[in-house]
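Enquirer: Sharing a model that was predicted from the sequence below.
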Amino acid sequence: MKLVAIGIGSAIFGVNLLRDLFRTPEFRGSELALVDIDASALDRMTRLAQRLNRAARWDVTLESTSDRREALPGADFVVTAVAVDRIRTWRIDHELALRHGFPSVLSENGGPGGLSHTLRSVPLMLDIAADIERLAPGALLFNYTNPENRVCLALNRHRSVRTVGLCHSVAEAIDRCALVLGRDRTEIDARAAGVNHLTWFVSIRDSTSGRDLMPDFQQRWRDSEEGGGPLTRLLFDQYGAVPAIDDGHIGEYLPWAAELIGTAGYDFDGHERRAISAAEDVDAWGAGRLPVEPLLASPSAEARVDHSVAEIVADIVSGRTRRRPSFILPNAGLIDGMPDDSVVEVPGLVDAGSPRGVPVGALPEPIAALVRQELAIQDLAVQAAVDGSRELARQALLLDPVVSSAPAADQFLDEVLRAHRACLPRFWS
């Protein structure tokens, strides 16, 4: 078995992936190729992988390269977590959205910032997928690259690579659900559905008896400190369904969210400090100044909530049948009333060596209306990114509920296209 990790230099993603790979027995004796265009980050992660390999006695054949085309031949699985100068460009998107009067709470996956992010990420991932098609045509791609739903939509429509999107948000929401109910997460069968970062609990049952726990959960959730922030509480009061996501993420899709949670956005400065600290830790592990055994002794944050890509791959290669909190996949009937060719997030299942979604029926109105509107925006945004079409990008902006002014939308679009010109060649050719 060969796994290729593209974007391994990201300290949080990279460390979590490596610690889980070297804790998962199915990877013993496998091949692992690490890829990142940041040479120093790649070197750090390679040295960490070498130490983990020795400590675990996993006998993994390691490869490290800045050129994914060298790594892809023979790959069975590819994992991607990539971005175009992520923090700098994200900060620009958020500041421009606020400057033009848009009440954007995060500017990552929805709203005007989400459009700009889509225009950068989609071409990058399409290029990576084209290389997978050519060099590893049978590989299964697990994608973490944001905006997840839009990237997976682009891959599904414009590439032939089998793709599963992974995001830990629903898994963490299920963990909070178990906490609210005072149960272990293995004792509940909690299911959520929607689109990535716009997901809702649709069913919560006792995993043994099948007893409906939703009424008890909703009552406890309303009264619990774990019951979400002011926005998710308001959504529950208004629509009678509990969001399976936090305020900041779901607020990207709602024009009035800023009234409740503000527009401070992501902690960009804090991220820089955390990134420096994380890189120092990776350096210390790789150089032997810190022991790696504690990494092997405990699962990553993703594994603790049952959503580790290493464990999902292990399920596939071993033929195990196992439910997972969520997969991002083509709809194809998974959610009734949504376009079959859209991409949705639903409960996941690995069965007979294949990952698939679990059908959930229809979402209640008007929640379904919120999801359908976002799917329509995604259609336009993705096609704008593929074609380099300013007209389609403008249409996506004007359909977005966070955008309240056509002239401001035009000005915002002009400025983000100029600001990110170097990574948007399709708009400037």
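Expert: Received it, and whenever you're ready, just let me know what you need. Owing to the predicted nature of the structure, the values given are computational and were not obtained by experimental measurement. Numbers count the residues shown, from 1 in each chain.
Enquirer: Asp184 is in contact with Ala178, isn't it?
Expert: Yes. At 6.3 Å, Asp184 and Ala178 qualify as touching, with contact defined as C-beta atoms under 8 Å. C-beta coordinates here come from the backbone N, C-alpha and C atoms, glycine included.
Enquirer: which of those two has more neighbours?
Expert: Ala178 (19 against 10; other C-beta atoms under 10 Å).
Enquirer: can you tell me which residues contact that one?
Expert: With contact set as C-beta atoms under 8 Å, 6 or more residues apart in numbering, Ala178 has these partners: 184-185, 187-188, 190.
Enquirer: at 10 Å instead, please
Expert: Counting by C-beta atoms under 10 Å, 6 or more residues apart in numbering, Ala178 makes contact with 184-188, 190, 204, 217, 226, 305.
Enquirer: which ones among those are found in strands?
Expert: Among these, the ones falling in strands (DSSP state E) are 188, 190, 204.
Enquirer: Let me see the confidence value for the second one.
Expert: The one in question is Ala190. On pLDDT, Ala190 comes in at 98.
Enquirer: Identify the residues contacting it.
Expert: 170-171, 173-178, 181, 201-205, 207, 213-214, 217, 244, 325, 347.
Enquirer: repeat that with 7 Å
Expert: By C-beta atoms under 7 Å, 6 or more residues apart in numbering, the contact set of Ala190 is 174, 177, 201, 204.
Enquirer: ok, now the first one?
Expert: Applying C-beta under 7 Å, 6+ apart, one finds that Ile188 lies in contact with 177-178, 181, 204, 206-207, 213.
Enquirer: Tell me which entries of those residues lie within helices.
Expert: Secondary structure defined by DSSP state H assigns 177-178, 181 of these to helices.
Enquirer: what about the residue most central in space within the chain, helix or strand, and which?
Expert: For the chain, the residue nearest the mean C-alpha position is Cys167 (3.7 Å; C-alpha atoms, centre = their mean). Using DSSP states H and E, Cys167 maps to neither a helix nor a strand.
Enquirer: per-residue confidence at it?
Expert: Turning to Cys167, the model gives it a pLDDT of 98.
Enquirer: now swap in Glu225 and tell me
Expert: Glu225 is assigned a pLDDT of 79 by the prediction.
Enquirer: count of neighbours near it?
Expert: Applying other C-beta under 10 Å, I find that Glu225 has 7 neighbouring residues.
Enquirer: where does the stretch 51-200 of the chain dip in pLDDT?
Expert: Regions of the stretch 51-200 of the chain meeting the criterion pLDDT under 70 are absent.
Enquirer: Helices of that one, residue ranges please.
Expert: With DSSP state H, counting those that start in this stretch as the criterion, the stretch 51-200 of the chain has helices at 68-71, 86-99, 111-135, 148-158, 169-181.
Enquirer: from the ones you listed, which stretch is densest packed?
Expert: When you average the neighbours per residue for each of those (mean count of other C-beta atoms under 10 Å), helix 148-158 leads with a mean of 25.
Enquirer: what's in contact with that one?
Expert: With contact meaning C-beta under 7 Å, 6+ apart, helix 148-158 is reached by 118, 121-122, 125-126, 129, 143, 145, 161, 163, 165, 167, 195-196, 328, 330, 343, 378, 381-382, 385-386.
Enquirer: who touches stretch 118-125?
Expert: With contacts defined as C-beta under 7 Å, 6+ apart, stretch 118-125 is touched by 80, 82-84, 89, 145-147, 150-151, 154-155, 381-382, 384-386, 393, 420, 423-424, 426.
Enquirer: can you give me the strands in the protein?
Expert: All strands of the chain, identified by DSSP E, fall at 2-6, 31-35, 61-65, 77-80, 140-143, 162-165, 188-195, 198-206, 322-330, 335-336, 343-351, 354-357, 361-362.
Enquirer: Neighbouring strands - and their directions - for the fifth one?
Expert: Next to strand 140-143 in the sheet, as set by DSSP bridges, lie strand 77-80 (parallel), strand 162-165 (parallel).
Enquirer: Ile316 is nearest to which of these?
Expert: With C-beta to C-beta as the measure, strand 77-80 is the member of the strands paired with strand 140-143 nearest Ile316 (8.0 Å).
Enquirer: For Arg51, list the residues it contacts.
Expert: Here Arg51 is in contact with 285-286, 292 (criterion: C-beta under 7 Å, 6+ apart).
Enquirer: give me every residue that touches the nearest residue to Pro73 once chain neighbours are set aside.
Expert: For Pro73, ignoring the flanking residues on the chain, the nearest one in space by C-beta to C-beta, 6 or more residues apart in numbering is Leu135 at 5.1 Å. Neighbouring residues of Leu135 by C-beta under 7 Å, 6+ apart: 69, 72-73.
Enquirer: would CSV of these with distance to Phe236 be doable?
Expert: Compiled in CSV, these are given as follows (distance: C-beta to C-beta, whole Å):
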residue, distance to Phe236
Arg69, 48
Leu72, 45
Pro73, 50
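Enquirer: Which member of these is positioned nearest Leu334?
Expert: Relative to Leu334, the closest of the contacts of Leu135 is Leu72; by C-beta to C-beta it sits at 29.4 Å.
Enquirer: any idea how far Asn156 is from the closest one?
Expert: For Leu72, the distance to Asn156 equals 20 Å [C-beta to C-beta, to the nearest Å].
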